[in-house]
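**Q** sequence and predicted structure below; questions after.
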Amino acid sequence: MAENFEITDEMRAVIGVMSEPSPVELTTTSIRAFARGVGYTDPVYFDVGAARAAGYANLPAPPTYLGTAPWVPGKNDPMFGMRLDSKEPTLQHGLAGLLDGGAETFYDRVPVAGETLTVSGGVVGLETKRTGSLGVMLVVTSEAVYRDEAGEIVARTRSNVLFY
């Protein structure tokens, strides 16, 4: 718990720096697994015929699922799949506690199985908030942009992580 915490110039320097685009794949298997895992039962997420009857070219990605990063041993983080060779600056804050502050997904269109999107993201905001029980928290707001093979935006996410 931090009683005092200030955002440094080094921390501010990461704001607005977007990562290099990385691929995420949407497959029929990954869409079915995600839908099953969160409890969806709509046949459009499981049956290609039902998806096509509903107007999709293939199984649509369920809400909040925007693909899975291909994992290559030694080249991707084993837990989250992010590239290990990233050259973007990382946020160094020294706080050990972590809370999920929520996320929103904004769609320009629903992606479908068979697509490979690219995602680029970064920190877009930093602020501190004082709490009664956890002291000073650092609120990190991040955005990610997902594009299709033509470079068109498919979706954006905006999320908050709270460090204390």
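**A** Yep, that arrived.
**Q** what average pLDDT does the longest helix that the chain contains get?
**A** As assigned by DSSP state H, the longest helix anywhere in the chain is helix 28-38. Mean pLDDT, helix 28-38: 98.
**Q** where does this protein dip in pLDDT?
**A** Residue ranges of the chain with pLDDT under 70: 1-2.
**Q** that one: helices as residue ranges?
**A** So, for the chain - with DSSP H - the helices run 9-12, 28-38, 48-53.
**Q** so where do the strands sit in the protein?
**A** 22-25, 98-107, 116-131, 135-147, 153-163 (DSSP state E).
**Q** nearest to residue 10, out of those strands?
**A** strand 116-131 (11.2 Å; C-beta to C-beta). (Glycine included, C-beta is placed from N, CA and C.)
**Q** give the partner strands of the closest one in its sheet and their orientations.
**A** strand 22-25 (antiparallel), strand 135-147 (antiparallel) (DSSP bridges).
**Q** report the angle between the axes of it and strand 153-163?
**A** Angle of strand 116-131 versus strand 153-163, following axes from the mean of the first three to the mean of the last three C-alpha atoms, to 10 degrees, is 30 degrees.
**Q** and strand 116-131, which residues are buried?
**A** For strand 116-131, burial by neighbour count (16 or more other C-beta atoms under 10 Å) applies to 117, 118, 119, 121, 122, 123, 124, 126.
**Q** pull the contacting residues for the third one.
**A** Put plainly, it is residue 119. Contact partners of residue 119, counting by C-beta atoms under 8 Å, 6 or more residues apart in numbering, are 21, 22, 23, 24, 66, 67, 144, 145, 146, 147.
**Q** ok, now with 7 Å
**A** By C-beta atoms under 7 Å, 6 or more residues apart in numbering, residue 119 lies in contact with 21, 22, 24, 144, 145, 146.
**Q** okay, and the beta partners of it?
**A** Here residue 119, judged by DSSP bridges, has bridge partners residue 22, residue 146.
**Q** gap between it and residue 50?
**A** For residue 119, the distance to residue 50 equals 28 Å [C-beta to C-beta, to the nearest Å].
**Q** swap in the first one?
**A** When C-beta to C-beta is the yardstick, residue 117 and residue 50 sit 23 Å from each other.
**Q** same list (the strands of the chain) but as a markdown table, adding distance to residue 75.
**A** Putting these into a markdown table (distance: least, C-beta to C-beta, whole Å) gives the following:
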| stretch | distance to residue 75 |
| --- | --- |
| strand 22-25 | 11 |
| strand 98-107 | 25 |
| strand 116-131 | 16 |
| strand 135-147 | 20 |
| strand 153-163 | 23 |
